[in-house]
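1. Sharing a sequence plus its predicted fold:
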Amino acid sequence: MILDTNALSAFVDGDAEAGEVLRHQARACIPVIVLGEFRYGISQSRHSAVYEQWLQAELRHFDVLPVTDQTAAAYAKLRLALKQQGTPIPANDAWIAALALQHRLPVLSRDRHFDVVPHLTRRGW
(Lines give C-alpha, C1' and ligand atoms only; values in the text may rest on other atoms or scores of the structure.)
Protein backbone atom coordinates (compact mmCIF):
# COMPACT_ATOMS: atom_id res chain seq x y z
CA MET A 1 0.00 0.00 0.00
CA ILE A 2 1.17 3.51 -0.86
CA LEU A 3 0.49 6.39 1.51
CA ASP A 4 -0.35 9.86 0.30
CA THR A 5 0.74 12.86 2.36
CA ASN A 6 -2.50 13.09 4.35
CA ALA A 7 -2.36 9.39 5.19
CA LEU A 8 1.26 9.65 6.31
CA SER A 9 0.45 12.68 8.47
CA ALA A 10 -2.56 10.94 9.99
CA PHE A 11 -0.51 7.85 10.76
CA VAL A 12 2.35 9.83 12.30
CA ASP A 13 -0.14 11.81 14.38
CA GLY A 14 -1.52 8.54 15.78
CA ASP A 15 -4.77 8.20 13.83
CA ALA A 16 -5.99 4.79 14.99
CA GLU A 17 -7.97 4.03 11.83
CA ALA A 18 -5.05 4.79 9.51
CA GLY A 19 -2.81 2.69 11.75
CA GLU A 20 -5.26 -0.21 11.66
CA VAL A 21 -5.32 -0.21 7.86
CA LEU A 22 -1.52 -0.17 7.69
CA ARG A 23 -1.11 -2.95 10.25
CA HIS A 24 -2.84 -5.33 7.86
CA GLN A 25 -0.62 -4.54 4.86
CA ALA A 26 2.24 -6.73 3.72
CA ARG A 27 4.03 -3.68 2.32
CA ALA A 28 3.80 0.00 3.25
CA CYS A 29 5.39 2.47 0.84
CA ILE A 30 6.03 6.18 0.85
CA PRO A 31 6.62 7.80 -2.54
CA VAL A 32 9.60 10.15 -2.55
CA ILE A 33 7.10 12.88 -3.57
CA VAL A 34 5.14 12.29 -0.35
CA LEU A 35 8.32 12.30 1.69
CA GLY A 36 9.20 15.68 0.16
CA GLU A 37 5.74 17.10 0.88
CA PHE A 38 5.88 15.75 4.44
CA ARG A 39 9.35 17.21 5.07
CA TYR A 40 8.18 20.55 3.67
CA GLY A 41 5.20 20.52 6.01
CA ILE A 42 7.18 19.59 9.09
CA SER A 43 9.79 22.26 8.34
CA GLN A 44 7.02 24.77 9.03
CA SER A 45 5.58 23.00 12.07
CA ARG A 46 6.16 24.08 15.65
CA HIS A 47 6.54 20.34 16.33
CA SER A 48 9.18 19.80 13.65
CA ALA A 49 11.66 18.22 16.09
CA VAL A 50 9.11 15.55 17.06
CA TYR A 51 8.34 14.76 13.42
CA GLU A 52 12.03 14.63 12.52
CA GLN A 53 12.59 12.18 15.38
CA TRP A 54 9.75 10.04 14.07
CA LEU A 55 11.29 10.03 10.60
CA GLN A 56 14.69 9.04 11.98
CA ALA A 57 13.19 6.17 13.98
CA GLU A 58 10.40 4.90 11.74
CA LEU A 59 11.16 5.64 8.09
CA ARG A 60 13.20 2.44 7.83
CA HIS A 61 9.95 0.46 8.24
CA PHE A 62 8.64 1.82 4.93
CA ASP A 63 9.76 1.32 1.35
CA VAL A 64 10.56 4.74 -0.11
CA LEU A 65 9.60 4.56 -3.77
CA PRO A 66 11.82 6.57 -6.14
CA VAL A 67 10.72 8.14 -9.38
CA THR A 68 12.29 6.34 -12.31
CA ASP A 69 12.15 6.75 -16.07
CA GLN A 70 9.37 4.12 -16.06
CA THR A 71 7.46 6.23 -13.51
CA ALA A 72 7.91 9.35 -15.62
CA ALA A 73 6.44 7.58 -18.66
CA ALA A 74 3.46 6.34 -16.62
CA TYR A 75 2.99 9.83 -15.16
CA ALA A 76 2.91 11.50 -18.58
CA LYS A 77 0.47 8.93 -19.98
CA LEU A 78 -1.78 9.23 -16.93
CA ARG A 79 -1.83 13.06 -16.88
CA LEU A 80 -2.70 13.13 -20.58
CA ALA A 81 -5.49 10.57 -20.20
CA LEU A 82 -7.00 12.40 -17.22
CA LYS A 83 -6.81 15.74 -19.03
CA GLN A 84 -8.48 14.26 -22.13
CA GLN A 85 -11.32 12.78 -20.07
CA GLY A 86 -11.76 16.12 -18.25
CA THR A 87 -10.74 14.83 -14.82
CA PRO A 88 -7.25 16.17 -14.11
CA ILE A 89 -5.83 15.70 -10.62
CA PRO A 90 -3.09 17.66 -8.83
CA ALA A 91 0.37 17.01 -10.29
CA ASN A 92 1.87 15.49 -7.14
CA ASP A 93 -1.08 13.14 -6.83
CA ALA A 94 -0.57 12.10 -10.45
CA TRP A 95 3.01 11.14 -9.50
CA ILE A 96 1.68 9.15 -6.53
CA ALA A 97 -0.87 7.45 -8.78
CA ALA A 98 1.79 6.66 -11.38
CA LEU A 99 3.94 5.00 -8.71
CA ALA A 100 0.94 3.06 -7.41
CA LEU A 101 0.14 1.79 -10.90
CA GLN A 102 3.78 0.99 -11.60
CA HIS A 103 4.08 -1.07 -8.42
CA ARG A 104 0.51 -2.43 -8.60
CA LEU A 105 -0.32 -1.14 -5.12
CA PRO A 106 -3.41 0.59 -3.70
CA VAL A 107 -3.22 4.14 -2.36
CA LEU A 108 -4.22 4.97 1.21
CA SER A 109 -5.92 8.34 0.86
CA ARG A 110 -9.04 10.29 1.69
CA ASP A 111 -8.72 12.20 -1.59
CA ARG A 112 -11.50 10.93 -3.83
CA HIS A 113 -9.90 12.35 -6.96
CA PHE A 114 -7.74 9.20 -6.99
CA ASP A 115 -10.98 7.38 -7.84
CA VAL A 116 -10.90 8.78 -11.40
CA VAL A 117 -7.54 7.11 -12.11
CA PRO A 118 -8.19 3.98 -14.20
CA HIS A 119 -7.01 0.72 -12.65
CA LEU A 120 -6.07 2.41 -9.33
CA THR A 121 -7.54 1.26 -6.04
CA ARG A 122 -7.94 3.87 -3.32
CA ARG A 123 -8.41 2.79 0.27
CA GLY A 124 -9.84 5.28 2.73
CA TRP A 125 -9.86 5.17 6.48
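-> Okay, I see it. Numbering: from 1, shown residues only.
2. can you give me the helices in this protein?
-> Ranges of helices in the chain, per DSSP state H, are 5-12, 16-23, 32-43, 48-58, 69-84, 91-103.
3. Save those helices as a markdown table, and put in mean pLDDT too.
-> Listed next are the helices of the chain as a markdown table, based on pLDDT from 0 to 100:
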| stretch | mean pLDDT |
| --- | --- |
| helix 5-12 | 96 |
| helix 16-23 | 95 |
| helix 32-43 | 97 |
| helix 48-58 | 95 |
| helix 69-84 | 97 |
| helix 91-103 | 97 |
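4. between these, which one is nearest to S109?
-> Proximity to S109, assessed across the helices of the chain by C-beta to C-beta, is greatest for helix 5-12 (5.7 Å). Where C-beta positions appear, they are placed from N, C-alpha and C, glycine not excepted.
5. Tell me what angle the closest one forms with helix 32-43.
-> Orientation check (axes from the mean of the first three to the mean of the last three C-alpha atoms, to 10 degrees): helix 5-12 against helix 32-43 gives 60 degrees.
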